[in-house]
Each structure stands twice: as C-alpha cells, then as structure tokens.
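Trainee: Sequence and predicted structure below; questions after.
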Protein chains: 2
Amino acid sequence: MSEGSEKTNEGPVPKAVVSRLSLYLRELQHLIRAGSQTTSSNQLGSLLGFTDAQVRKDLAYFGHFGYPGIGYKCPELIQAIRKILGTDQTWNVAMVGTGNLGHALLGYKGFRSQNFEIVAAFDIDPNVVGQTIQDVPVFHLDDLPKIVSERHVKLGMIMVPSPVAQQVADQLVAAGIEGIVNFAPVTLALPPEVSLVGVDLAIELEQLCFNVANRKAKAAE
Amino acid sequence: MSEGSEKTNEGPVPKAVVSRLSLYLRELQHLIRAGSQTTSSNQLGSLLGFTDAQVRKDLAYFGHFGYPGIGYKCPELIQAIRKILGTDQTWNVAMVGTGNLGHALLGYKGFRSQNFEIVAAFDIDPNVVGQTIQDVPVFHLDDLPKIVSERHVKLGMIMVPSPVAQQVADQLVAAGIEGIVNFAPVTLALPPEVSLVGVDLAIELEQLCFNVANRKAKAAE
DNA sequence: TAGATTGTTAATCGATTAACAATC
DNA sequence: TAGATTGTTAATCGATTAACAATC
C-alpha cells in the first residue's frame, strides 16, 4: 500500500482544491457502489469534467495515493480523502432554527452517511422547545453554550430568518463553535478563526439565470 | 445617469465574477434597507471581503455604472446588476420532488423576492399529486412537458432521491428546461446547452470540516 | 515486453491587485 | 480648489494544463 501521509506540496491548499476533493470522494463512493474497485485520474476527471492532470495535481497536495501503471484503489483513496477532509471521524452539528427548512434538514439522511450527526436543534419558540424532531431534541437557544460544550459540537448550521442571522452567528461563536453553514441570505461578519460557508438558494438560481440568459452569446463564442 | 449598457471587456465572463455580482446585489439591497442611497467600491468590497479593485473590475465587464469622485448610486446599481443577471424579469421555476426538502423549499420566501416563482411541483406519489403545497400545485411527473411548455418554465430544481436524479434531469432536459439546480448528491451528466448548479449539503459541511481540522496549521502560516 | 498510468516539472493561461490619469 | 473615487492598464500572483521520466 502506498504511504500517502507526507504532504508533497508546500503552502496553503487552495479552496478550489478542497472542494474538488469532496467531489472526488462522492464520485469514488458511486464507483464503489457500481462495483469498481479501481479507477484512474482520467476516469475520475472525465466523470466530473476535469482534466486528468488536475486530479493528480489536487491529490499531490496531500501525498502519493496512486499506483503508476495501475491507477487508484477506490476504497483506499476514499479513506485517504476522508482523512484529509477530517470526515474519518464523526462531527457533531448544532442546528439553529427549526422553521420549514431547518425542520426538513433534520430529516436529511445525507449528513450521517458522510459522518455528520445533528445532535441538537435550537429555537426560541416555546411550542417547539422541548420537542423532538426526527429524533433530534430541540433546546432553547439559551442552552446553546451548555450543549455545545457537553456534546463537543464544533459545527453549526444557521437556519433562522435573515434579520436575526448575525446575532445567532455571534451566539454560536461565543458558544465555541468553529465552523458555520449559513442558509440566511445575508453576509455574516465572523472572527477569522471561525470558518464560514454560505448557501444562498436565490443566488444559485441567479447564477443559472445569467447562464441561460446569455446562453446563445456563449454558444457563439 | 451613466449609460452602462456597452460591455467594455471582451471575452467570456468568468464564473467567479458572476457569483460576486450576486453578492454585490444582495449587499446593495441591505444597504438600501439600512438607508444608504450611495456606496463605493471600497465599502462594497470591505463588507464582502474583497478589494475595491476587484469590485470595480467585476463591474467593468458589463459597463460604466459609477460616478468618479462619488461612487455608485445603490438603486441604480441594483437595477443594473439585475439586468445583467437577467432577474429584472420573473423566471418561472419547476420543482421535482416534494419530500422533506422540496416541501420546505416550496414555502421559502427568498425566491419570489428575487424574481423567481415556483409555478409547479412534480411528484409520482398519488398521495401528493393533485394537492397544493404552499399555493403551488403538485402535478404528476408525466405532465412535466405540458406544464413546462404552457407556463414557459425555463428553470428546474431537482429535490428527488439520488438514485432517480439523473433520470429526472433527463426528463427536465427533454421537457425543454434550460437550467437546473440539483440538490441530490450525485454528479449529473447534461448536454452542454443546459446550465447546472449543484448544491450538496454534506459537501458544504465537509469544506467546513477541512478548515476546522486544519485551523491551527492555517493560523501558523 | 508493451501498454498504462502515476507524480512532478515547466509552460501556459487566467484572475487579482496595484497604480494612476481622468473625473466629479 | 482639494479630496474622493472611478475605469483601466500594467504588474503580480496563482491555478491549470501539457509533457514526460519513472513505475508497474
């Protein structure tokens, strides 16, 4: 087995590389389900629309995972990428806001299968506090610091209305959360040591819009 | 008023520029709500974590929207960006899949406020077909081509389980849809003339994970 | 062996930033 | 006028791709 632990490439890892790593992982999991035990940078790249060189370069940031002449062994590479991303262990997640979207996401199976576990939800509505949604207990927002500390929660998801998103973010940070996924369509100001990913559904549609509206211009180029 | 219609910069517009355009728009809308009638590339950039040069360069792809010595007039720039993105007119959207997540998104207010209207939902479950969810009628998937054509639907959202996502995508394409937001955690193969945006919630958490796990290494750089 | 494929270097390409004349 | 800020060019920086020796 190739020893992949030594990082061959110095310097910070570009954000784009890390996001492709997640795509490689997802694709490898599909390949395994489809019965492939082995793949290549060419196959992996083609499936995702990247060049083979890109795939190899991305992986080379973190070590040597392939076999010249052979390619990559799917289960092995999956394990390697999981370790790089940190998802070889389970991460506890807190969700703040149990409205339509939060409620729905509490039942989403896709998290646990990638080693994320929503261990607590938070709200201020007395009608939901104390309840259980999809086996997840709902606490009052005031209990956030206590639960985060007790359950070693490092990641949080913000599913509250925009006007209160920043204040909820501040509370998450104060409670010791280290990374936040924000679904509210606002820009959050956070200390630099806290990581942030924003998901704005209207913006995703806008991007599509631009492409569709400029489709013909694009085709003509 | 500055005439911003002539594109000053030739060639295709980078994807990153278009996505920042959406952020500028969102920020401008906040500024207006906060009472600002005017802003500058410096202010807009600072709020979002970009340089002022980046903001001006991005806008320069599409025209001259600012006033030297003054800055940008918020309402005017909002209108200009809307026009660039194509969201100065309403886009009809079809949603396929009315499970937890689809159901929740049918009630999401953030779409209409940016000029997107979900005019129809689709499913194959006889228990939901014929119903109305949040004022949106649910049709059988077989009716997709008819409704897409009748209602001039150009955009679709895939909210079905992963195993059927590709086949639903094919049906959307066959029905004449021109852009798709895919929430299923799979890579879709689409003809090049159809635009695709993928939203994978587990991947968003993975990105966070990597940053948190490498937080100390990053801080030391 | 011949064919396939890796890891890595060098070349290319594209995107960001700095700087500044023009403008208000 | 002096101060502020744009649009744009040139310089810098970083990311992608091509190419190939090394390996199986």
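Mentor: All right, it came through fine. Numbers count the residues shown, from 1 in each chain, chains lettered A, B, ... in the order given.
Trainee: Point me to the helix or strand that includes residue A:94.
Mentor: strand A:91-96 (DSSP states H and E).
Trainee: next one: residue A:181
Mentor: Assigned by DSSP H and E, residue A:181 falls in strand A:179-182.
Trainee: Could you list the residues in contact with the strand holding residue A:94?
Mentor: A:102, A:105-106, A:111, A:115-123, A:136, A:141, A:144, A:147-148, A:151-160, A:168, A:171-172, A:177, B:205, B:209 (Cβ atoms under 8 Å, 6 or more residues apart in numbering or on different chains). Glycine gets a C-beta too; all of them are placed from N, C-alpha and C.
Trainee: Could you tell me which of these belong to helices?
Mentor: Among those, the ones falling in helices (DSSP state H) are A:102, A:105, A:106, A:144, A:147, A:148, A:168, A:171, A:172, B:205, B:209.
Trainee: Can you tell me which of these lies closest to DNA strand C?
Mentor: In terms of Cβ to the nearest atom of the strand, no member of those lies closer to DNA strand C than residue B:209, at 23.1 Å.
Trainee: confidence score at the closest residue in space to the closest one that isn't next to it in sequence?
Mentor: Nearest residue to residue B:209 in three dimensions, chain neighbours excluded: residue A:86, at 4.5 Å (Cβ to Cβ, 6 or more residues apart in numbering or on different chains). Reading off the confidence values, residue A:86 has pLDDT 97.
Trainee: quick one: contacts for residue A:86?
Mentor: B:209, B:210, B:212, B:213, B:214.
Trainee: In TSV: the residues you listed, plus neighbour count.
Mentor: Below are the contacts of residue A:86 laid out as TSV (neighbours: other Cβ atoms under 10 Å in any protein chain shown):
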residue	neighbour count
B:209	27
B:210	23
B:212	20
B:213	22
B:214	17
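Trainee: Relative to residue B:38, which of the residues you listed is nearest.
Mentor: residue B:212 (38.6 Å; Cβ to Cβ).
Trainee: So which residues on chain A come close to DNA strand D?
Mentor: Neighbours of DNA strand D within chain A, by Cβ under 7 Å from any atom of the strand: A:14, A:16-17, A:50-51, A:53-54, A:56-57, A:67-70.
Trainee: Can you tell me which of those end up in helices?
Mentor: Reading helices off the residues of chain A next to DNA strand D with DSSP H, I get A:16, A:17, A:53, A:54, A:56, A:57.
Trainee: Buried members of those into PyMOL, please.
Mentor: Filtering these down to the buried ones (16 or more other Cβ atoms under 10 Å in any protein chain shown) takes a single PyMOL command:
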select buried, chain A and resi 17+54+56
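Trainee: tell me, which of the ones in helices among the residues of chain A next to DNA strand D make contact with DNA strand C?
Mentor: Applying Cβ under 7 Å from any atom of the strand to these, those adjacent to DNA strand C are A:53, A:56, A:57.
Trainee: ok and the residue in chain A nearest DNA strand D?
Mentor: For chain A, Cβ to the nearest atom of the strand, closest residue to DNA strand D: residue A:69, 2.5 Å.
Trainee: ok, back up a step: how about the residues of chain A next to DNA strand D in CSV, adding distance to residue A:132?
Mentor: Compiled in CSV, the residues of chain A next to DNA strand D are given as follows (distance: Cβ to Cβ, whole Å):
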residue, distance to residue A:132
A:14, 41
A:16, 40
A:17, 40
A:50, 43
A:51, 48
A:53, 50
A:54, 45
A:56, 47
A:57, 47
A:67, 48
A:68, 53
A:69, 54
A:70, 49
